[in-house]
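**Student:** Starting from these lines, generate the structure:
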Amino acid sequence: MKKTGIFLLLAVVVFLGYRLFSPTPTIKNIHPLGKNIICFGDSLTFGTGAKEGMDYPSQLSRMLSTPIINAGVPGDSTTTALARLQKDVLSKSPHIVLITLGGNDIKNRASKDEAFANLKKIIQSIQDQGALVVVGGIDIPFFGRGFGNGYKEVCKKKGAILIPNIYKGLITHPDLMSDPIHPNEAGYTIIAKHFYEAIKPYYLQKKGT
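**Tutor:** Numbers count the residues shown, from 1 in each chain. Take a look at the predicted model:
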């Protein structure tokens, strides 16, 4: 019994030591430059499945009481998004950039390595302009092809804020979905709230609210 107690005590000490001294991921550009909040991504950003003005960028704009640029293009992959990054994001004085990309890479069976190499380039290019980056990840059991871990690795390495699964609270609730992939208006409200909570410590503090 004494040996068991000593072993358990050592295990607890090791665990607490790891929690106390393991490095905490550093978020880059917590005091972002630039002027505009930009939502950059695919159909989840564009708002497919919702009425006009009920996409998540529009709803988030109302939550923050500030204009937001919707740079979402249905069908976009990380490859096509990278190709339009300069025109749709970097040239528009980005302050905070919210990203939803990777869903079409998963659907189209694109290379996971290529997808995350593209995402790294996108994040780095935005951060180089002094903007804060928030990534809405996708982590779907069985069909996600391990992309969930890929988002974690990339965001930890690049210092981007990660929402681990943008579909959290949606996929298993048909009343929040317009089809198997796209939310309806109520579903986009949930996505807007995910992003609101993610940027609140950085954006609202700046405004003094």
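**Student:** Figure out the helix or strand that Glu114 lives in.
**Tutor:** helix 112-127 (DSSP states H and E).
**Student:** Ignore what I typed, I meant Asn70.
**Tutor:** Assessed by DSSP H and E, Asn70 sits inside strand 68-72.
**Student:** Which neighbouring elements make contact with that strand?
**Tutor:** On a contact count with 3 or more C-beta pairs under 8 Å, 6 or more residues apart in numbering; DSSP states H and E, strand 68-72 meets strand 36-41, helix 43-46, helix 56-64. The way it works is simple: take the backbone N, C-alpha and C, and place the C-beta from them, glycine included.
**Student:** Could I have the CA atoms of the shortest one written out in CSV?
**Tutor:** Pointing back at helix 43-46 there. In CSV, the C-alpha atoms belonging to helix 43-46 read as follows (Å, rounded to 0.1, in the frame of the first residue of the first chain):
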residue,chain,number,x,y,z
SER,A,43,-19.2,29.2,-48.0
LEU,A,44,-19.3,29.2,-44.2
THR,A,45,-18.0,32.8,-44.3
PHE,A,46,-20.1,33.8,-47.3
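**Student:** picking that back up, neighbouring strands for the strand holding Asn70, and are they parallel or not?
**Tutor:** If you go by DSSP bridges, strand 68-72 pairs up with strand 36-41 (parallel).
**Student:** What's the mean pLDDT across the partner strand?
**Tutor:** Averaged over strand 36-41, pLDDT sits at 98.
**Student:** From Gln86, how far off is Ser58?
**Tutor:** Noted for Ser58: a distance of 24 Å to Gln86, by C-beta to C-beta, to the nearest Å.
**Student:** Pick out whichever of those two has more residues nearby.
**Tutor:** Neighbours were counted for Ser58 and for Gln86 using other C-beta atoms under 10 Å; Ser58 has more, 19 against 11.
**Student:** how long is stretch 136-153 end to end?
**Tutor:** With C-alpha to C-alpha, to the nearest Å as the measure, stretch 136-153 spans 13 Å from end to end.
**Student:** List the buried residues for it?
**Tutor:** For stretch 136-153, burial by neighbour count (16 or more other C-beta atoms under 10 Å) applies to 136-139, 144-145, 147-148, 150-152.
**Student:** so can I have CSV of the residues you listed showing secondary structure and distance to Pro74?
**Tutor:** Shown next, in CSV, are the buried residues of stretch 136-153 (DSSP: H, G, I helix; E, B strand; the rest coil; distance: C-beta to C-beta, whole Å):
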residue, secondary structure, distance to Pro74
Gly136, strand, 16
Gly137, coil, 19
Ile138, coil, 16
Asp139, coil, 22
Gly144, coil, 20
Arg145, coil, 21
Phe147, helix, 19
Gly148, helix, 23
Gly150, helix, 22
Tyr151, helix, 21
Lys152, helix, 26
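**Student:** Max pairwise distance over the residues you listed: which two?
**Tutor:** Longest distance between any two of these is 16.9 Å, between Gly136 and Arg145; criterion C-beta to C-beta.
**Student:** Outside of the biggest helix by length in the chain itself, list whatever touches it.
**Tutor:** Taking DSSP state H as the criterion, the chain has its longest helix at helix 185-207. Outside helix 185-207, the residues that touch it by C-beta atoms under 8 Å, 6 or more residues apart in numbering are 30-32, 37, 44, 47, 49-51, 54-57, 59-60, 63-64, 96, 98, 132, 134, 136, 161, 163, 166, 168-170, 173, 175-178, 183.
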